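A.B. asks: Dropping the sequence and predicted coords here.
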Amino acid sequence: QVQLVESGGGLVQAGGSLRLSCAASGRTFSSYAMGWFRQVPGKEREFVVAISWGGSNTRYADSVKGRSTISRDFAKNTVYLQMNSLKPEDTAVYFCAARRGQPATTQESYEYWGQGTQVTVSS
């Protein structure tokens, strides 16, 4: 089992930045690819970004490419999502997820999920 806890969400003005954190515990963190997804009420959960277990392979959704950076700290068992130049359309609940294997872009590919953290971007 892998337990994931997100933090770092909040209210920010358009153009601002946030750094989300996902702290992992349980099985060997370094064995898992990690992903971030987001969801707004009434819509499907949407892929944002993913990183391989070693950190060398990343995948970004077009909607956040160039504005976001994913990274992982093995010593802290934590994955970070740095988001810059935030837009109102980035408003959503952001979820962290883990899977064995390569980073993937579909939510069905992930085995473990956190509870989510709310990000609200005001215009």
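C.D. replies: It's in. Numbering: from 1, shown residues only.

A.B. asks: Is Ser30 located within a helix, as I assumed?
C.D. replies: Yes. Under DSSP: H, G, I helix; E, B strand; the rest coil, Ser30 sits within a helix.

A.B. asks: tell me the SS of the residue most central in space within the chain?
C.D. replies: Geometric centre of the chain, nearest residue: Trp36, 2.5 Å, by CA atoms, centre = their mean. Under three-state DSSP, the three-state class of Trp36 is strand.

A.B. asks: Could you point out which residue ranges in the protein have low pLDDT?
C.D. replies: 27 (pLDDT under 70).

A.B. asks: please redo it, this time with the cut-off set to 90
C.D. replies: 1-2, 25-31, 53-55, 74 (pLDDT under 90).

A.B. asks: And the strands in this structure?
C.D. replies: Remark: strands assigned in the chain by DSSP state E are 2-7, 10-13, 18-26, 32-39, 46-51, 58-60, 68-73, 78-83, 92-100, 112-113, 117-122.
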